[in-house]
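Asker: pasting a predicted model and its sequence here:
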Amino acid sequence: MYIKRSMEKYIETAGNDFKAILVTGARQAGKSTLLKHLFPERAYLTFDDPILLEEAGREPGLFFRNHPAPITLDEVQYIQHLFPYIKIACDASDKRGLFALTGSQSFHLMKHVSESLAGRVAIFELPGLSLREIDGGDFNRPFIPTADYIDERAQNVRRRPDIWEIIHRGSYPALYEADVNWQTFYSSYVQTYLNRDVNGLLRVKDQMRFTRFLTAMAARTGSLLNYSKVAEQADVTAATAKEWTSILEASGLIAILPPFSNSALTRAIKTPKMYFRDTGLVCFLTKYRTAEMAMNGALAGGLFETFVVSEIIKSFSNAGIDYRLYLTYYRGKDKARESEIDLVIEEGETLYPVEIKMTANPRPDMTSAFDVLDKVKGKKRGKGVLLCLYDKPSNLNENAVALPVEYV
C-alpha cells in the first residue's frame with residue numbers, strides 16, 4: 001500500500017520548472033517508490049542492476065540513445081560519469097522534467113551534481129515516514145511553534161497512545177507492510193548498508209569494527225558528539241571515528257545539530273549534538289527488541305528526544321526547507337548554573353526554545369533555561385514549547401506552552 005508523501009507536490013512543481021530533479025536520502029526511505037508513483041508513465045531504470053550499470057559504463061552515449069528522456073534513473077551514485085551526458089541532454093532541449101534521479105549517497109553524489117547540473121536540477125532530501133504521513137494527514141507546515149501554527153495543528157492532530165510502538169518500529173516505509181518482520185528488515189538493512197553504501201564511500205577493511213562504531217553511535221543518540229569516547233569503544237582512532245561519522249551523515253543515517261552561537265552567550269558549549277534519523281535502527285543496534293523494552297530501557301529519554309527531533313527535521317524537509325538553516329541547540333553556564341535548551345528554532349529575528357521531556361506531567365520549571373535567550377541582542381524570544389506526553393496543550397506560563405508530541 002502506497003503511503004502518500006508530504007513532499008509530492010513540491011517535487012511535481014519542480015518537475016515543471018526544472019529539467020531534472022534529484023531525490024536523495026537514506027536507503028529504503030522510499031525514493032524510488034515516490035518517483036514511480038509521481039511519474040508512472042516514464043521508463044524506470046535502476047543502477048542496482050549490474051547489467052544496466054555495465055551498459056551505462058561501456059557506452060554512455062549509446063545508453064542515452066537507447067533510453068531517451070523523459071526517464072527515471074535510480075541509484076545514480078553508481079553512474080556519476082554519466083552526469084556530463086545528462087547535462088548535454090538538458091542543454092539540448094527546452095523541455096522541463098527530462099530526468100528524475102535518485103541517489104542514496106549524497107557525499108560524493110552532490111559534488112558531481114554541483115559540477116555538472118548546477119541550475120538545471122532541483123534537489124530534495126526524502127526522510128523516512130513522518131508521523132503525519134503515517135496518520136494520513138494533509139498538514140504540512142514546518143514546526144515553527146507560533147500561536148497560528150498551534151491553532152491550525154489542533155484542527156487535525158491525532159493522539160497516538162501507541163507512540164512507543166511507532167518509535168520502536170521506525171520510519172522506513174517497508175516496515176508498514178503487514179508481512180515485514182522487524183528483526184529481519186533491520187538485520188538486512190545494516191548488512192546492505194555496510195556492504196554497499198559504506199564501501200561505496202570508503203573502503204572499510206574491518207566491518208566488525210565499523211559495526212561496533214555504528215552501535216556505539218546509536219547508544220549516544222541525542223548526546224554531544226564525543227569522537228574520543230566513540231573511538232575508544234569501537235577500538236579506532238578519533239580521526240577514524242570522525243571520518244566514519246561523516247559517512248553516517250552523508251548516507252542519511254544521522255543528523256548533526258550545531259550549537260547556537262552568539263557573542264552574548266560566552267559560556268556556550270561549542271560541541272555539536274548527534275541524532276540518528278531513525279529510532280527503529282537505534283532500537284535494533286542497541287538490542288531493544290520490543291517497544292516495551294525501549295520505553296523502559298536506559299536509553300528511553302534519548303530515544304524519545306531523537307524521535308521528536310527527527311519529526312521536527314522531517315517537518316522542514318517535507319515542506320521543501322533545509323532544516324540546517326533553522327535548527328540548533330544550546331548548552332552552557334548561566335548565572336553559575338548549567339542550562340540546556342534541546343532545540344532552538346530560529347526564524348528571522350525570533351528564537352523559539354524547545355524542551356523535550358518524556359513526561360506526562362509537564363511543569364513550568366522544565367522551561368527555566370529558556371530565559372537565557374533574552375540575552376541575545378537583535379533577536380526576540382518567541383513562545384517556548386515543552387514537547388511531552390501530556391494529552392493536550394497546556395500553558396505553563398505566559399512565555400511557554402506544553403504540547404503533546406503529536407503536535408509536531
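Answerer: That came in fine, so what should we check first? Numbering: from 1, shown residues only.

Asker: what comes up buried for stretch 380-395?
Answerer: By neighbour count with 16 or more other CB atoms under 10 Å, stretch 380-395 contains the buried residues Arg381, Gly382, Lys383, Gly384, Val385, Leu386, Leu387, Cys388, Leu389, Tyr390, Pro393. Placement of C-beta: from N, CA and C, glycine included.

Asker: from these, which two are the most distant?
Answerer: Farthest apart among the buried residues of stretch 380-395 by CB to CB are Arg381 and Leu389. That separation is 24.9 Å.

Asker: using a markdown table, lay out the buried residues of stretch 380-395 together with secondary structure.
Answerer: As requested, the buried residues of stretch 380-395 are arranged in a markdown table below (DSSP: H, G, I helix; E, B strand; the rest coil):
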| residue | secondary structure |
| --- | --- |
| Arg381 | strand |
| Gly382 | coil |
| Lys383 | coil |
| Gly384 | strand |
| Val385 | strand |
| Leu386 | strand |
| Leu387 | strand |
| Cys388 | strand |
| Leu389 | coil |
| Tyr390 | coil |
| Pro393 | coil |
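
Asker: okay, now the unreliable bits of the stretch 1-150 of the chain?
Answerer: Low-confidence segments of the stretch 1-150 of the chain (pLDDT under 70): 105-108.

Asker: quick one, helices of it?
Answerer: For the stretch 1-150 of the chain, helices defined by DSSP state H, counting those that start in this stretch occupy the ranges 8-17, 31-38, 50-58, 60-66, 83-91, 106-116, 131-135, 147-154.

Asker: centre of the chain to the first one, how far?
Answerer: Distance, stretch centre to chain centre, for helix 8-17: 20 Å (CA atoms, centre = their mean, to the nearest Å).

Asker: what of the shortest one?
Answerer: Taking the mean C-alpha point of helix 131-135 and that of its whole chain, the gap between them comes to 15 Å (CA atoms, centre = their mean).

Asker: likewise the second one?
Answerer: The chain centre lies 18 Å from the centre of helix 31-38; the measure is CA atoms, centre = their mean.

Asker: helix 8-17 and that helix, what's the angle between them?
Answerer: Computed by axes from the mean of the first three to the mean of the last three CA atoms, to 10 degrees, the angle separating helix 31-38 from helix 8-17 equals 70 degrees.

Asker: give the buried residues for helix 31-38.
Answerer: Neighbour-count burial for helix 31-38 flags Lys31, Ser32, Thr33, Leu34, Leu35, Leu38 (criterion: 16+ other CB under 10 Å).

Asker: mind giving me TSV with the residues you listed and columns for distance to Lys375?
Answerer: Formatted as TSV, those follow (distance: CB to CB, whole Å):
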residue	distance to Lys375
Lys31	43
Ser32	48
Thr33	47
Leu34	44
Leu35	47
Leu38	47
